[in-house]
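**Student:** fold the following for me, if possible:
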Amino acid sequence: MSDVKTFSLKNPWFTRSVLALVGIALVAALIGFVWVPRSHARDTMLSLWESICRAAGVPGAYFSPGLGETGKGPSEVIVMAQMMAPADNASIGRGATLAMRCTMCHGARGMSPAGTPHLAGQVAAATYKQLRDYKSGHRQSAIMRPLVEELSDQDMRDLAAYYAYLPRERLSDPVDQATPRLVRNGDPVRNVGACASCHTIEVKKPASPWLDGLPESYLRQQLLAFREGSRHNDVNSQMRNAVRNLSDEEVAALARYYASR
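**Tutor:** Down below sits the predicted model:
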């Protein structure tokens, strides 16, 4: 029998095993942190370093040179948990008065039959953020921009409080259907998070809108806008990253599912 110890570099079998394990680990790291992110990315994955950071979950703002002190970010709104604090009656009352100019598109009670988003029952922080983004130009709309230009910050908070106070009514009966896998679990291989982790009323995540019952055409339009990059007011590209690799069929299925709830 050999006097060479089993776990010794002098043992050729042990040395080869260690080298094989190191090689497997390197190949796995290259696949997981470089090849997968780059193969599924579109025009925003610009470098090897960016691919590694994105795969590790680092927000783009931490390593992207495009968002420095002189750059314009996706939004001027700083989303905080305090935004979820309940509003007082005075704020809701002021919001009701301001909302009179919104009824043509969003309905007298915040429920729109015209394909524009329902605002009744919407998370106040989500409505407030979108109003701010329309005013600052971070979200583009030829219709909304003139309507919000003269609103003060308090006006926007009051409007958001009023619509959050209204009950979300149903314009049609809900349709029972299986929850899509992307809603439940997402698709980690494609860097797609579960929709339900942010867009469920029970989650109470600041500034994440409640999607249940919104018009199907509106949901599909916004998902496609995020996917193609024409809408970009999502902080750290959260929505653009989530939908970048979705097919037209998957976008349509998600819009149909949330509209039916």
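**Student:** for the residue nearest to Val243 when sequence neighbours are not counted, what is the enclosing helix or strand?
**Tutor:** Leaving out its chain neighbours, the residue that sits closest to Val243 by Cβ to Cβ, 6 or more residues apart in numbering is Arg227, at 4.5 Å. Bear in mind the C-beta positions are built from the backbone N, C-alpha and C, glycine included. Taking DSSP states H and E as the definition, Arg227 sits inside helix 216-228.
**Student:** counting by contacts, list what that helix packs against.
**Tutor:** If you count contacts as 3 or more Cβ pairs under 8 Å, 6 or more residues apart in numbering; DSSP states H and E, helix 216-228 packs onto helix 238-243, helix 248-259.
**Student:** that one to helix 248-259, inter-axis angle?
**Tutor:** 140 degrees (axes from the mean of the first three to the mean of the last three Cα atoms, to 10 degrees).
**Student:** looking at helix 216-228 now, give me its mean pLDDT.
**Tutor:** Mean per-residue pLDDT for helix 216-228: 97.
**Student:** can you check stretch 139-147 too?
**Tutor:** The average pLDDT for stretch 139-147 rounds to 94.
**Student:** buried sites along the helix or strand in which Ile92 is found?
**Tutor:** When elements are assigned from DSSP H and E, Ile92 belongs to helix 89-98. Using 16 or more other Cβ atoms under 10 Å as the test for burial, helix 89-98 gives 91-92, 94-96.
**Student:** quick one: buried residues of the next helix-or-strand element following it?
**Tutor:** Counting by DSSP H and E, the element after helix 89-98 in chain order, helix or strand, is helix 103-106. Neighbour counts over helix 103-106 (16+ other Cβ under 10 Å) mark His106 as buried.
**Student:** average pLDDT across the helix holding Ile92?
**Tutor:** 97.
**Student:** quick one, domains of the chain?
**Tutor:** Segmentation of the chain into domains, based on automatic domain parsing, reads 12-67, 81-165, 181-259.
**Student:** could you pull out the buried residues of stretch 234-251?
**Tutor:** 234-246, 250-251.
**Student:** which two among those residues are spaced furthest apart?
**Tutor:** Val235 and Glu250 (23.1 Å; Cβ to Cβ).
**Student:** no further questions, thank you.
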